[in-house]
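Colleague: Let's see this in three dimensions:
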Amino acid sequence: MNFAEQPLSQPAESDGTKYKPVAFALISLLVVFFLYQIVGGGIVLYLFGNFTVGKETLPLQLAMMLAEILFILIPTFFLAKLQTKTWGRFLRLRKTDLYYIGLAVIGVIALQQLLEIYLYLQDLIPLPHQIKHLIDQFQKTIEETYKVLLTARSPVEFSFVVLAVAVTPAICEETLFRGLVQSNFELKMSKTKAIIWTGVIFGAYHLNPFDFVALCVLGIYLSYLVSVSGSIIVPVVAHFTNNFVSTLILYKFNKESVIAPADQKLGAGYIIAWSLVLFLIFVATTTSMVNYSKSRSLPGENGSGGSG
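Modeller: Residues are numbered from 1 along each chain as shown. You can find the predicted model right below:
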């Protein structure tokens with residue numbers, strides 16, 4: 001099947017979906033959630049429940065990668081084939097322009113650092129002492145869990161970290177959310193609603209209440225990318241870039257952000273200046289992508305797509 005000759009920015013009824021799209025998408029999410037979080041998570045917890053920083057992390061990283069492939073990617077392909085015979089088109093497995101990818105990479109880096117500033121400000125919100133203490137403990141547990149997975153003491157270990165937390169999640173999660181879920185939503189919702197709902201579900205799916213807003217914003221942006229480009233490749237690359245940059249900063253500088261480090265207080269002028277710069281970069285890339293889409297033959301609008 002030549003996906004490049006079968007462009008799709010919004011699924012059409014002619015794709016022959018078998019089940020009610022929204023219900024199918026929600027049931028699919030529940031199935032994958034059970035398989036990955038309960039079954040896969042249970043297996044990993046059983047095998048590596050006492051895993052701590054300092055131990056060899058490769059077995060855990062390989063287990064996490066295998067869990068995502070077995071319990072997210074493969075079930076997503078199966079569910080897509082169950083929903084429609086033209087599952088490749090439905091998941092938007094088609095080529096795209098490098099221009100889209102370049103703009104998405106720049107845009108997601110700017111958005112990522114902008115969200116780091118938001119998370120920095122979020123941590124400054126005053127809370128009652130008891131609540132603050134409980135939240136800090138919960139947040140520390142989550143951070144320590146991620147630290148175990150992201151620990152790398154050499155370039156070789158770092159390459160495995162990138163494979164485990166950047167490459168694999170980008171492919172598996174984007175195929176599920178921007179491929180299967182959003183495509184089903186777009187059959188019964190406007191594009192805008194489908195983008196927003198897919199992004200919000202993406203944020204909730206990560207089970208991290210502290211980063212929920214930031215994850216929703218990132219998810220909405222990734223959903224927008226697949227909608228405007230018509231190709232799953234664009235959000236996959238953007239998702240990979242987001243995770244890779246975070247991993248690289250942690251590996252090189254031992255902190256989550258070079259813009260809003262958590263170990264020092266930032267002045268109002270610094271925050272405003274960086275926020276403005278990052279916001280302008282993000283708006284510029286998004287506007288350029290919209291203008292580029294208008295200047296070419298968009299998938300799904302006249303039955304023909306641009307060249308890959």
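Colleague: burial of residue 87, as a residue count?
Modeller: 21 (other Cβ atoms under 10 Å). Where you see a C-beta, it was placed from the backbone N, CA and C, and this is true even at glycine.
Colleague: tell me the contacts of it?
Modeller: 77, 80, 81 (Cβ atoms under 8 Å, 6 or more residues apart in numbering).
Colleague: Compare these and tell me which is most surrounded.
Modeller: Of the contacts of residue 87, with other Cβ under 10 Å as the count, residue 80 tops at 23 neighbours.
Colleague: contacting residues for that residue?
Modeller: Contacts of residue 80 (Cβ under 8 Å, 6+ apart): 87, 90, 91, 179, 180.
Colleague: got those as a markdown table, with distance to residue 296, pLDDT and secondary structure columns?
Modeller: Formatted as a markdown table, the contacts of residue 80 follow (distance: Cβ to Cβ, whole Å; pLDDT from 0 to 100; DSSP: H, G, I helix; E, B strand; the rest coil):
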| residue | distance to residue 296 | pLDDT | secondary structure |
| --- | --- | --- | --- |
| 87 | 26 | 95 | helix |
| 90 | 22 | 95 | helix |
| 91 | 22 | 96 | coil |
| 179 | 22 | 97 | helix |
| 180 | 26 | 97 | helix |
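Colleague: Neighbour-wise, give me the winner out of the residues you listed.
Modeller: residue 91 (26 neighbours).
Colleague: quick one, what contacts that residue?
Modeller: Taking Cβ under 8 Å, 6+ apart, one finds 76, 77, 80, 175, 179, 180, 183, 232 in contact with residue 91.
Colleague: so residue 126 is in which element?
Modeller: Here residue 126, judged by DSSP states H and E, is contained in no helix and no strand.
Colleague: now stretch 73-88, how far from the chain's geometric center?
Modeller: Offset of stretch 73-88 from its chain centre (Cα atoms, centre = their mean, to the nearest Å): 20 Å.
Colleague: same thing with stretch 81-94?
Modeller: Counting by Cα atoms, centre = their mean, stretch 81-94 comes out at 20 Å from the chain centroid.
Colleague: likewise stretch 280-290?
Modeller: 19 Å.
Colleague: Tell me the gap between stretch 235-243 and the middle of its chain.
Modeller: The answer for stretch 235-243 is 7 Å, by Cα atoms, centre = their mean.
Colleague: Please apply the same query to stretch 184-192.
Modeller: With Cα atoms, centre = their mean, you get 19 Å for stretch 184-192.
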